[in-house]
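J.: Need a 3D model of the following:
(one chain, ligands or ions: 1)
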Amino acid sequence: MSQYPIAVFVGSLRKESFNRKLADAMAKLAPPEFSFKHVNIGDLPLYNQDDDGNPVESVTRVKADIAAARGLLFVTAEYNRSIPGVLKNAIDHASRPYGQSAWAGKPAGVIGVSIGAIGTAMAQQHLRNVLAYLDVPTMGQPEGFIQAKEELFDATGAIGEASRKFLQGWVDHYATWVRQHASD
Ligand SMILES: Cc1cc2nc3c(=O)[nH]c(=O)nc-3n(C[C@H](O)[C@H](O)[C@H](O)COP(=O)(O)O)c2cc1C
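T.: Predicted coordinates:
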């Protein structure tokens, strides 16, 4: 197992999701001691507090994926100026039952790509609010508000030339953030 296993949450279920592609391309920019695992949140039921005492397998699995990680990476779409419901649903599931949240203390980075000009800024800000409540130390800078443009990815799916320096810098800061805040 790598020294820094990271649980990746993509805030979009779309097959051709820009955010999924961004997450995969960013993982390739990370130092070798980091590994990235996409957490499947698409099969979670809608959160219902009545089920806290009897969680289905998908809920237990998501919480185990978080527990096994030393850091979190959120790469999210913006839906109607906020967090896509599928991501908020996953966050709520893993925060419960009360007192048994999986999130606390896991260092996180938040980034996202959208076709809109503000590049998921509103969704990211809402997400930061939620993560603060959940006691997730979230990297403040650099922010990454990425607009989906033709040249964002090259033919191999890697980050295109125009964005590579910025995103390499973002990943470098993220790696430092995780190293500083990850517990043993
Ligand atoms: C329900 C819905 C709401 C959206 N709202 C926003 C929005 O508030 N801001 C924005 O920049 N793009 C918005 N979009 C467009 C998304 O940026 C675009 O669909 C993007 O491709 C989503 O990310 P993905 O490629 O990872 O699925 C919205 C799309 C959908 C389907």
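J.: Quick check: the residue of this protein nearest the ligand.
T.: Per CB to the nearest ligand atom, residue 116 is where the chain lies closest to the ligand, at 2.3 Å. (Each C-beta comes from the backbone N, C-alpha and C, glycine too.)
J.: how near is residue 77 to residue 14?
T.: 8 Å (CB to CB, to the nearest Å).
J.: who has more neighbours, these two?
T.: Neighbour tally, residue 77 and residue 14, criterion other CB atoms under 10 Å: the higher count belongs to residue 77, 24 against 11.
J.: Next, the closest residue to that one other than its chain neighbours: phi, psi?
T.: Leaving aside its sequence neighbours, residue 77 sits nearest to residue 12 (CB to CB, 6 or more residues apart in numbering; 4.2 Å). According to degrees, to the nearest 10, the main-chain angles of residue 12 amount to phi -170, psi 140.
J.: Surely residue 12 touches residue 83?
T.: No. Using CB atoms under 8 Å, residue 12 makes no contact with residue 83, being 11.0 Å away.
J.: Of these two, give the one with the bigger neighbour count.
T.: Between residue 12 and residue 83, counted using other CB under 10 Å, residue 83 has the larger neighbour count: 26 against 23.
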